[in-house]
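[1] no sequence for this one, just the structure:
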């Protein structure tokens, strides 16, 4: 078997794009669409949380133990969280105590002032817990994809550039060969010189 590349392959300047180029390019808006879908999900969840907070404010008296949904700024990002308001008598001021998602339902007060609407508040807390969990999953999915894409690009950017430079050198060396099947690459073709000859079958 000869290792000689047919001259017609070397003299044809037309480079055909891979047949799946359109499919690859279509993945770009598809990824953007997926991110947009998750973004709309988060926006919808935030809207429902705002409605729940309004109901919580109406159903509970202005007493220690009142639950509300507030927005906390953490690591440069604003996130919703359920807080329990506590009145500190000696300081004559209110302070908010952030609650974990696992303790939302059991944190609902059922004393005299809160008793009448305690069942409704508990149901709102169940819904809040589900919404906060879903919101976190949606954001985590977007962040995980973005992080993975950034890492993959950063880890391979230089490698791809080197591969491309080597490929261009190889193709240029092949293109500079004569049409004679007995011709050999000249000493100015380092890429070809590094290639080990294959044994004929």
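    Nice, thanks for sending it over. This structure is a prediction, so every number in the text was calculated from the model and none was measured.

[2] Only C-alpha atoms from now on, for both contacts and neighbour counts.
    Noted.

[3] Counting by contacts, list what the top strand by length along the chain packs against.
    For the chain, the strand with the greatest residue count under DSSP state E is strand 77-88. Here strand 77-88 touches strand 66-74, strand 93-98, going by 3 or more Cα pairs under 8 Å, 6 or more residues apart in numbering; DSSP states H and E.

[4] Where is the longest helix in this structure?
    Secondary structure of the chain per DSSP state H: the longest helix is helix 118-175.

[5] now it: how far from the chain's centre is it?
    Chain-centre distance of helix 118-175: 4 Å, with Cα atoms, centre = their mean, to the nearest Å.

[6] Look up how far residue 164 lies from residue 103.
    56 Å (Cα to Cα, to the nearest Å).

[7] Where does the prediction get shaky in the protein?
    The model of the chain has pLDDT under 70 over residues 1-19, 178-201.

[8] that older thread, dump the helices and strands packed on strand 77-88 to a markdown table, plus distance to residue 113 and mean neighbour count.
    As requested, the helices and strands packed on strand 77-88 are exported to a markdown table (distance: least, Cα to Cα, whole Å; neighbours: other Cα atoms under 10 Å):
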| stretch | distance to residue 113 | mean neighbour count |
| --- | --- | --- |
| strand 66-74 | 10 | 17 |
| strand 93-98 | 18 | 13 |
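
[9] right, so of those, which gets closest to residue 172?
    Proximity to residue 172 (Cα to Cα) singles out strand 66-74 among the helices and strands packed on strand 77-88, at 54.7 Å.

[10] Can you give the contact residues for that closest one?
    The contact list for strand 66-74 (Cα atoms under 8 Å, 6 or more residues apart in numbering) reads 49-50, 52-53, 56-57, 60, 78-86, 108-109.
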